[in-house]
Each structure stands twice: as C-alpha cells, then as structure tokens.
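**Student:** A structural model of the following input is requested.
(one chain, ligands or ions: 2)
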Amino acid sequence: MVSRAQKHFCPQLSTKPHSRTGHTVFVTGAAGFIGAHASVALKRRGDGVVGLDNFNQYYDITLKKSRLSKLLDRAGVFVVEGDINDGVLLRKLFGLVQFTHVLHLAAQAGVRYAMVNPNSYIRSNIDGFVNLLEVVKSSIAQPAIISASSSSVYGLNSKVPFSEKDRTDQPASLYAATKKAGEEIAHAYNHIYSLSITGLRFFTVYGPWGRPDMAYFFFTKDILNRKQISIFEGPNHGTIARDFTYIDDIVNGCLSAIDTAKKSTGTGGKKKGEAQFRIINLGNTSPVSVHKLVNILEKLLKVKEKKVVLMPRNGVVPITHANISLARVELGYKRTVDLEMGLKKFVKWYLDYYDAKKNSSW
Ligand SMILES: NC(=O)c1ccc[n+]([C@@H]2O[C@H](COP(=O)([O-])OP(=O)(O)OC[C@H]3O[C@@H](n4cnc5c(N)ncnc54)[C@H](O)[C@@H]3O)[C@@H](O)[C@H]2O)c1
Ligand SMILES: O=C(O)[C@H]1O[C@H](OP(=O)(O)OP(=O)(O)OC[C@H]2O[C@@H](n3ccc(=O)[nH]c3=O)[C@H](O)[C@@H]2O)[C@H](O)[C@@H](O)[C@@H]1O
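**Tutor:** Numbering: from 1, shown residues only. Ligands and ions are numbered 1, 2, ... in the order given. As a prediction, the model looks like this:
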C-alpha cells in the first residue's frame, strides 16, 4: 500500500516497478556513464528499475542531463535526484519499493581528481557506501548488492595479468584506496549481516556517453581542436598501458552478476547460512599503450599532425591487464568489442553529440 504522502513523494514509484523478469533493481549513479547504460539495458530486458543520482558537477552536468533525457527517460527509467548519504531518502525508497537487487555505481570516480578534492572521495565512496549498506541490512527485502570496484586496486602490482587473489594493498591513489576500502567494508557487512555482495573490478571503461574526465574522451576533444596532449610516462620512461574495456561488455557483466547473485541469507543480522561474497575482474584482457590509443584516435579523426608531449609522472599505475577467467566461469563473461571498433563507435557518438549541441538542435 503506497500512502498518500509516499505517492506525493514519488508518484512514479510503485511497490514493484513493472518487471517481467521478477527483478526490481535500484541503480545508484544512474545518470552516470555506466549507470545510464546499465539502467537502460536492465529496463529493456524487462527488469523493474529505479535510479538515483545526485547530479553533481564533477563533470559537465549537461551530459548527465542529456543521458537522462536521451537514454533513461526514453527507456522509461525513473531516476530520483538524491544522494546516497541521505539515509531518510534511501529508507523511504526501500520502504516504498521491494528491490531484489542493488547495482551500486555511484562514486567519485576520477583517479587524479583525488589530489584536488580528497573529501569528495571519502563522502561518496566510503560514507555513502556505508549509508547504503546500513539501509539495505535494515530493509525487509535485503536485496543482493552488486558494487563497482576498480582495476586501480591492483595499484603498483607489477605481476600482470591481475587475478582477483593478487595483492591489492599498494594503492597508488586515494581513489584506489577508497575503492579497496569499499571491498573490505562490503566483506564486513557480508560477514556480520549475511548480505549477498558481489564486487566488480571494472578496467578503464569507455564508449558512447562516456566520461569527459577520462583520457580517451578529452584526447578526442583536444585532437579535434589541434590542442597539445600530454602522454604520461611511467617509471624509467616506461610506457603506460590500460586494459580498455568497452561499455557494452561491462554492462553485460553487470547484468550477469545480477542474474547469478544469490539472495542474502541474513534476517536482520541472524545468520542463516553462508551469504555469497564475490570479487570479479571485468576487463578486456588485452592492454594497449596510451600511445596506441592516441594513434587510433588520430586515424579515426583523420588528424595527422602530432601534438604530443611526454610527461614523466610518478604514482601512475604503469599497466593494467585483467585475468578474466573467474568472470568467464562465474558470469559467462566475454569480450565482444575490441579497442579499434569501440573507439570507432565512441568517435561517431562524440561527433554526433557535439554537433547536435553546437546546432542546439536539441
Ligand atoms: N569508467 C571507468 O573506467 C570505471 C572503471 C572502474 C570503476 N569504475 C566505477 O564504476 C562506477 C561508475 O563509474 P562511471 O564511469 O559511470 O562514473 P560517473 O561519474 O559517470 O558515474 C557516477 C555517478 O554517480 C553519481 N554520484 C557520485 N556521488 C554520488 C552520491 N554521493 N550520491 C548519488 N550519486 C552520486 C554522479 O553524479 C555520477 O553520475 C564508479 O563507482 C566508478 O568508480 C568506473
Ligand atoms: O580502470 C580503472 O579502474 C579506472 O580507469 C580510469 O582511470 P585512469 O586509468 O586514470 O583512466 P584515464 O583517465 O582514461 O587515463 C588512462 C591513462 O592515460 C594516461 N593519461 C591520462 C591523462 C593524460 O592527460 N595523459 C595520459 O597519458 C594515464 O596515465 C592513465 O593511465 C577511470 O577514470 C577510473 O574511474 C577507473 O576506476
């Protein structure tokens, strides 16, 4: 029964947003890059979906609003504007809707920005996550949680490819440290309250509707504007490489994690058997140097002259490379889009999107 106050509060919400699959998923960070793609994919396959996002100004908010109007609204995904630190709001939502799963993507995500605004990482990635876990453990439905972690937790590990059991106690950024802390906090809530939790370590995700604070995105802008770009070098002038992973493969991994998540076994703290706890890499398992990334972009953008400077940079993780054998077994995960194809799709979106904005044909 939805009370008058609750109807007033969230008119579009019902106790079970329409679901053909029996899943009702709460997606945090739903106006974000991965959150928008995942929410649309869930809705399209018949899941009930309710999103939440605080629409912060870490990067261009018009891009978040465009994802809302061009992707989420069109797919019929209802997104609440709010913060995962707002316990009153979360408790209202969990009292109104019987979620079966939480796809937790909301976070302060940039690696380098942590040196500019460290507290935003503590607030969203630690306080916010604990607040969400507190609401989930007190909820009746106790939905299974699938939470975004990051390849950056492997830190200064030189043993590649990275497997989930490799050491992750040498983070090279505050961002990485907060994502690792998130994994440990999740383990504690799994142990104490028997919450079913899966942590997914995404590896440098790219694609249409991506993030303007990431290298592939602003390199595209700078190359088109004939602006100089700086390619960081690792220790001893070593090249930097990333296991760039296309958004569609990451989304499929998230959906499989939801499908294979086991229900929480807790009943408000009384354990009824081992609850599921998983940490799984989602990557492309084929690292590519940043130089090669730039060469592909220049070819796609048909820009010849090189405006590249090399910049030695300490503390940068030299290479990321995912071992995805666990993802294959647990999630039936597979990579379907290689970097050349993925960047071609991104560049097409980029040119269309900014053309439309320039002609303000929206
Ligand atoms: N994109 C990648 O390469 C990558 C790789 C590894 C891990 N991740 C993780 O995946 C998740 C999604 O990343 P993304 O690339 O889509 O980033 P994104 O910044 O586009 O999405 C995050 C969204 O969360 C929202 N948000 C942030 N703090 C919030 C808060 N306190 N309350 C409510 N909303 C809040 C933001 O407004 C944003 O829309 C993040 O947890 C990130 O750390 C991303
Ligand atoms: O894989 C991950 O887990 C992380 O991937 C990205 O973090 P980052 O590796 O910094 O991604 P980019 O900003 O795309 O940078 C990729 C590489 O390009 C290099 N780079 C970046 C910026 C620049 O101006 N020049 C340059 O050479 C960096 O060394 C970096 O290693 C995302 O921003 C994080 O949210 C995510 O957690």
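**Student:** for ligand 1, what are the nearby residues on the stretch 1-150 of the chain?
**Tutor:** 29, 31-35, 52-56, 64, 83-85, 105-109, 124, 128, 148, 150 (CB under 6 Å from any ligand atom). The C-beta positions use only the backbone N, C-alpha and C, and glycine is treated the same way.
**Student:** hmm, try it at 5 Å
**Tutor:** Contact residues, the stretch 1-150 of the chain versus ligand 1 (CB under 5 Å from any ligand atom): 29, 31-34, 53-54, 56, 83-84, 105-107, 109, 124, 128, 148, 150.
**Student:** Can you select the buried ones from the residues you listed in PyMOL?
**Tutor:** To isolate the buried members of those in PyMOL, using 16 or more other CB atoms under 10 Å:
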select buried, resi 29+31+32+33+34+53+54+83+84+105+106+107+109+124+128+148+150
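**Student:** Among the residues of the stretch 1-150 of the chain next to ligand 1, which lie within strands?
**Tutor:** Here DSSP state E is the test, and these give 53, 148, 150 as lying in strands.
**Student:** Kindly check the end-to-end length of stretch 148-161 for me.
**Tutor:** The first residue of stretch 148-161 is 20 Å away from its last residue (CA to CA, to the nearest Å).
**Student:** mean confidence for that stretch?
**Tutor:** Computed over stretch 148-161, the mean pLDDT rounds to 94.
**Student:** Does at least one residue of it sit close to ligand 2?
**Tutor:** Yes - using CB under 5 Å from any ligand atom, stretch 148-161 reaches ligand 2 at 150-152.
**Student:** what do you get for stretch 51-70?
**Tutor:** No - if you take CB under 5 Å from any ligand atom as the test, stretch 51-70 misses ligand 2, and the best it gets is 10.6 Å.
**Student:** what sits against the residue of the chain found nearest ligand 1?
**Tutor:** Residue nearest to ligand 1 within the chain: residue 32 (2.1 Å; CB to the nearest ligand atom). By CB atoms under 8 Å, 6 or more residues apart in numbering, the contact set of residue 32 is 53, 64, 67, 105-106, 109, 211.
**Student:** quick one, phi psi at it?
**Tutor:** Torsion angles at residue 32 (phi, psi; degrees, to the nearest 10) stand at phi -80, psi 180.
**Student:** From residue 290, how far out is it?
**Tutor:** According to CB to CB, to the nearest Å, residue 32 stands 23 Å off from residue 290.
**Student:** got it, and residue 176?
**Tutor:** Noted for residue 176: a distance of 18 Å to residue 290, by CB to CB.
**Student:** Compare those two (neighbour count), which wins?
**Tutor:** residue 176 (24 against 21; other CB atoms under 10 Å).
**Student:** May I ask which helix or strand encompasses the more buried one?
**Tutor:** Using DSSP states H and E, residue 176 maps to helix 174-193.
**Student:** tell me the mean pLDDT for that helix?
**Tutor:** Mean predicted confidence for helix 174-193 is 97.
**Student:** Can I get it in CSV? Just the C-alpha atoms.
**Tutor:** Presented in CSV, the C-alpha positions along helix 174-193 are these (Å, rounded to 0.1, in the frame of the first residue of the first chain):
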residue,chain,number,x,y,z
LEU,A,174,43.3,7.9,-2.8
TYR,A,175,40.6,6.9,-5.3
ALA,A,176,42.1,3.4,-5.5
ALA,A,177,42.3,3.2,-1.7
THR,A,178,38.6,4.2,-1.3
LYS,A,179,37.6,1.5,-3.8
LYS,A,180,39.6,-1.1,-2.0
ALA,A,181,38.1,0.1,1.3
GLY,A,182,34.7,-0.4,-0.3
GLU,A,183,35.6,-4.1,-0.9
GLU,A,184,36.6,-4.6,2.7
ILE,A,185,33.6,-2.8,4.1
ALA,A,186,31.4,-5.0,1.9
HIS,A,187,33.1,-8.1,3.3
ALA,A,188,32.4,-6.9,6.8
TYR,A,189,28.6,-6.4,6.0
ASN,A,190,28.5,-9.8,4.3
HIS,A,191,30.1,-11.4,7.4
ILE,A,192,28.0,-9.6,10.1
TYR,A,193,24.6,-9.3,8.3
